[in-house]
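1. okay, structure incoming, though there's no sequence with it:
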């Protein structure tokens, strides 16, 4: 098991899609070795609540490896004996309290005021992230990537790369994601999550102090996302009812054991999360629409020159397969080269992270230049 180190990338000024310019600093990690002619690099983009820690460990004492360690490493699908792999933290990374995350967002200090940005931080998009990652990649002396890929919000970043920087990659793989975030997902799990946080009395328009954070709102926001991340059977198994213990209490304030278990799991997961960063990231995911600024979705996807692989999951509630199929069909109609590979898993949206064995072989073949049928 190789040990990895967090590295830091900064830009004195970056012009966001919304028109505002700010200095940015993000963390990134690399795996494998960049060859002399610098043509073996792959960019991996992380999902909504993840970080740049995609593979390996920081120390031998770490219990867990990076979130895509099953795919990234020597001899694996994203073979670090062959490829140099890069993964960066996003702006407004949700895990702001994680000591291994380096990100710029509303809880960062505005150098012009010496105070936290708060809600004065400009709205960011995944098009912005693609642009920042492009500057990171070029700072390493890399002019063209073997591929850009990622699951969920990582797929959103990948789509922006493919459309806005079409000559900078040979291929891109979009896992459990698509060209546009479904409206239902945007309303039910993203905007509703934002509402849950900003309605918390502790929100204070994002100007809350440490120790006085809108934890109740953040807990509800994260609960909404978690409730759509897997499929029904996973919840039945993980938070099953127990008829011997589930008695009817005369008080509505009584919480059934299976609900308590779910809430406890959410509370544990949210420890490194920050509410305002969650609001900004949810907004970025909600506004993902690759056709923004183009006459149509067809025109946007027609810009893609890279080979494309769309990998949806049959049971995905957040990004149902029809959205991946639609994007692949449009790309091919516009003269592009898109493959479609559907995986079948009971783990819903999270299959793109926890069931990598289902698509590891076709992904490896795709990265070697093969079309997947």
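-> The structure has been received and is ready for your questions. Keep in mind the model is a prediction, meaning the values are calculated, not measured. Residues are numbered from 1 along each chain as shown.
2. in what helix or strand does the residue nearest the centre of the chain lie?
-> Nearest to the geometric centre of the chain sits residue 47, at 1.7 Å (CA atoms, centre = their mean). Using DSSP states H and E, residue 47 sits in no helix or strand.
3. nearest spatial neighbour of it, chain-adjacent residues omitted?
-> Distances taken as CB to CB, 6 or more residues apart in numbering place residue 152 nearest to residue 47, at 3.9 Å, with adjacent residues excluded. (Each C-beta comes from the backbone N, C-alpha and C, glycine too.)
4. what's the answer for residue 66, then?
-> Leaving aside its chain neighbours, residue 66 sits nearest to residue 55 (4.0 Å; criterion: CB to CB, 6+ apart).
5. residues contacting that neighbour?
-> Counting by CB atoms under 8 Å, 6 or more residues apart in numbering, residue 55 touches 4, 29, 31, 65-66, 68-69, 71-73, 80, 85, 87.
6. apply 7 Å and report the result again.
-> For residue 55, the contacting residues are 31, 65, 66, 68, 69, 72, 73, by CB atoms under 7 Å, 6 or more residues apart in numbering.
7. now those: which count as buried?
-> Among these, the ones that count as buried by 16 or more other CB atoms under 10 Å are 31, 65, 66, 68, 69, 72, 73.
8. look at residue 246 and report its pLDDT.
-> In this model, residue 246 is scored at 69, pLDDT.
9. same check, this time on the one 4 residues further on
-> Note for residue 250: predicted pLDDT of 73.
10. so what strands line up beside the strand ranked longest in the chain?
-> In the chain, taking DSSP state E as the definition, the longest strand is strand 21-31. Taking DSSP bridges as the criterion, strand 21-31 sits next to strand 7-15 (antiparallel), strand 84-88 (antiparallel) in its sheet.
11. quick check: mean pLDDT across it?
-> 97.
12. just stretch 221-234 next, same as before
-> 92.
13. quick one: residue 339 is in a strand?
-> Yes - assigned with DSSP: H, G, I helix; E, B strand; the rest coil, residue 339 falls within a strand.
14. so who does it touch?
-> 308, 309, 366, 371, 372, 373.
15. and those residues, which is closest to residue 223?
-> residue 309 (32.4 Å; CB to CB).
16. which residues in the stretch 151-300 of the chain form strands?
-> Secondary structure of the stretch 151-300 of the chain (DSSP state E, counting those that start in this stretch): strands at 169-175.
17. how about the helices in it?
-> In the stretch 151-300 of the chain, the segments counted as helices under DSSP state H, counting those that start in this stretch are 153-164, 183-185, 192-198, 215-229, 232-238, 257-269, 275-286, 297-301.
18. repeat for the stretch 1-150 of the chain
-> 126-139.
19. so where's it uncertain?
-> For the stretch 1-150 of the chain, applying pLDDT under 70 flags the ranges 1.
20. ok, residue 168 - contacts?
-> With CB under 7 Å, 6+ apart, residue 168 has these contacts: 134, 144, 145.
21. measure the residue lying closest to the first one once chain neighbours are set aside to residue 343 for me?
-> Setting aside the residues directly before and after it, residue 134 is nearest to residue 165 in space (CB to CB, 6+ apart), at 5.7 Å. Per CB to CB, to the nearest Å, residue 165 is found 27 Å from residue 343.
22. try residue 264
-> To residue 343, residue 264 is 30 Å away according to CB to CB.
23. likewise residue 136?
-> Using CB to CB, residue 136 is found at 30 Å from residue 343.
24. state the phi and psi torsions of the residue of the chain most remote from its centre.
-> Ranking residues of the chain by C-alpha distance from their mean position (CA atoms, centre = their mean) puts residue 250 at the top, at 43.0 Å. Reported as degrees, to the nearest 10, the phi and psi values for residue 250 are phi -70, psi -10.
25. hmm, residue 277 is touching residue 94, no?
-> Yes - with contact defined as CB atoms under 7 Å, residue 277 reaches residue 94; the gap is 5.2 Å.
26. of these two, who's got more company?
-> In this view residue 277 and residue 94 are compared by other CB atoms under 10 Å, and residue 94 has more residues nearby, 28 against 25.
27. spit out the contact partners of the more buried one.
-> 49, 273, 274, 277, 278, 281 are the contacts of residue 94 under CB under 7 Å, 6+ apart.
28. show me which of these are buried.
-> Taking 16+ other CB under 10 Å as the criterion, what is buried in these is 49, 273, 274, 277, 278, 281.
29. separation between the second one and residue 107?
-> Which is residue 273. 11 Å.
30. higher neighbour count, residue 136 and residue 343?
-> The neighbour comparison of residue 136 against residue 343 (other CB under 10 Å) goes to residue 343, with 22 against 19.
31. and that one, what are its bridge partners?
-> residue 313.
32. picking up where we left off before, and the residue farthest from the centre of the chain, how far from residue 256?
-> 14 Å.
33. residues contacting the residue nearest to residue 47?
-> 47, 48, 176, 177, 349, 352.
34. who's in contact with the first one?
-> Residues in contact with residue 47 (CB under 7 Å, 6+ apart) are 150, 151, 152, 153, 154, 353.
35. give me the buried entries from the residues you listed.
-> If we count by 16+ other CB under 10 Å, the contacts of residue 47 have these buried: 150, 151, 152, 153, 154, 353.
36. I'd like those laid out as a markdown table, including distance to residue 129.
-> Rendered in a markdown table, the data for the buried ones among the contacts of residue 47 read as follows (distance: CB to CB, whole Å):
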| residue | distance to residue 129 |
| --- | --- |
| 150 | 10 |
| 151 | 15 |
| 152 | 13 |
| 153 | 9 |
| 154 | 10 |
| 353 | 19 |
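37. report the two of those residues separated the most.
-> Using CB to CB, the two most remote members of the buried ones among the contacts of residue 47 are 153 and 353, lying 11.5 Å apart.
38. low-confidence stretches in the stretch 201-350 of the chain?
-> 245-246, 252.
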